[in-house]
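1. Structure for this input, please:
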Amino acid sequence: MIEREVAVTTGHGVMPSFAVHPDGPGPWPGIILYMDAPGIREELRNMARRIARAGYVCVLPDMYYRLGLIRFDVPRRNDAMSAVIRAAMNHLTNALVMDDTAALIAWLDAQDKAKPGPVGCVGYCMSGRYVTTAAARFPHRIAAAASLYGVGIVTDEEDSPHLLLDRVRGELYYAFAEHDRSVPDHVIPALRAALAKTEVKHAIDIYPGTQHGFAFPERAVYDTLAAEDSWAKIFAMWDRCLR
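-> Presented below is the predicted three-dimensional model:
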């Protein structure tokens, strides 16, 4: 495995990112791993390494770069830290993250180890909205996008991601927890209804007995069976769409 810290130039400054790919001649398809609200940490880097081991060039951007260098000690999270995490999360918008996504795609295009053409992405928690928006805003590049217990996918705002689904040309995968206070009851039915009006190939899973965060191995709510099943479905989708 070859891994390094890289600087992705955006219209808003330099976005520090973690990049990893297999040790070999390549090239391999590119994957953007969008972080969850607690931000960059070793747990996410390990997930990027897992993606790379499966035969991809994975880039994990620090989406909070506009605020400076922010790192949260997640195991010691308390109410005060949660308030700061929410503030960091809320400074992002679909428009800002799409600017960053354009820069990430351009960065992948400049890497000799990254295969030209279709790109995949995956996002957790706060980034469920962003992978959905990216698939719609970059339909010529994002061929396979996955969202794990994503929030903000269906909102009352005019830029709500579910309103853009008719623009998607790639494949979408959504995995939700059965018990999730961050995903109101109306969201999944509304998402299903919006997708039904399109020709987008998609799948939606709701994992019984799980809670928000079930895919993160360092969380108390980690569910091995659900996490591994979702990984298998994501990798199968990427293999179909990106190889």
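2. Summarise which helices and strands the biggest helix by length in the chain is packed against.
-> The longest helix of the chain (DSSP state H) is helix 224-242. The helices and strands touching helix 224-242, judged by 3 or more CB pairs under 8 Å, 6 or more residues apart in numbering; DSSP states H and E, are strand 28-34, strand 114-124, strand 142-148, strand 171-179, strand 202-211. Yep, even glycine has a C-beta here, placed from its N, CA and C like the rest.
3. Please identify the most buried of those.
-> Neighbour counts (mean count of other CB atoms under 10 Å) averaged over each of the helices and strands packed on helix 224-242 peak at strand 142-148, with a mean of 27.
4. Off-centre distance for the longest helix of the chain?
-> Distance of helix 224-242 from its chain centroid, counting by CA atoms, centre = their mean, to the nearest Å, is 13 Å.
5. relative orientation of it and strand 142-148 in degrees?
-> Here helix 224-242 runs at 170 degrees with respect to strand 142-148, directions being taken by axes from the mean of the first three to the mean of the last three CA atoms, to 10 degrees.
6. give the contact list for the closest residue to residue 241 other than its chain neighbours.
-> Nearest non-adjacent residue to residue 241, counting by CB to CB, 6 or more residues apart in numbering: residue 144, 3.9 Å away. Residue 144 sits next to 118, 120, 121, 170, 171, 172, 173, 237, 238, 240, 241, 242 when contact means CB atoms under 8 Å, 6 or more residues apart in numbering.
7. Among the residues you listed, pick out the one closest to residue 27, please.
-> Looking at the contacts of residue 144 and their distance to residue 27, the nearest is residue 242, at 11.4 Å (CB to CB).
8. any idea how far the closest residue to that closest one other than its chain neighbours is from residue 80?
-> Nearest residue to residue 242, sequence neighbours excluded (CB to CB, 6+ apart): residue 29, at 3.8 Å. To residue 80, residue 29 is 41 Å away according to CB to CB, to the nearest Å.
9. Show the end-to-end separation of stretch 77-97, please.
-> 25 Å (CA to CA, to the nearest Å).
10. and that stretch, what's its mean pLDDT?
-> Mean per-residue pLDDT for stretch 77-97: 90.
11. Use 3 as the first number from now on
-> In the new count, where the first residue is 3, that last one comes out as stretch 79-99.
12. Contacts made by that stretch with the rest, please.
-> 14, 36, 39-41, 65-66, 68-69, 72, 74-75, 128, 131-132, 135-136, 161, 163.
13. What residues sit buried inside the helix or strand of the chain with the lowest mean pLDDT?
-> When each helix and strand of the chain is scored by mean pLDDT, DSSP states H and E, helix 81-92 comes last, with a mean of 88. By neighbour count with 16 or more other CB atoms under 10 Å, helix 81-92 contains the buried residues 87, 90, 91.
14. Out of these, which comes closest to residue 155?
-> residue 91 (14.8 Å).
15. Give me the distance between that closest one and residue 128.
-> Using CB to CB, one gets 5 Å for the distance from residue 91 to residue 128.
16. Which neighbours do those two have in common?
-> Any residue near both residue 91 and residue 128 by CB under 8 Å, 6+ apart counts here, and that gives residue 39.
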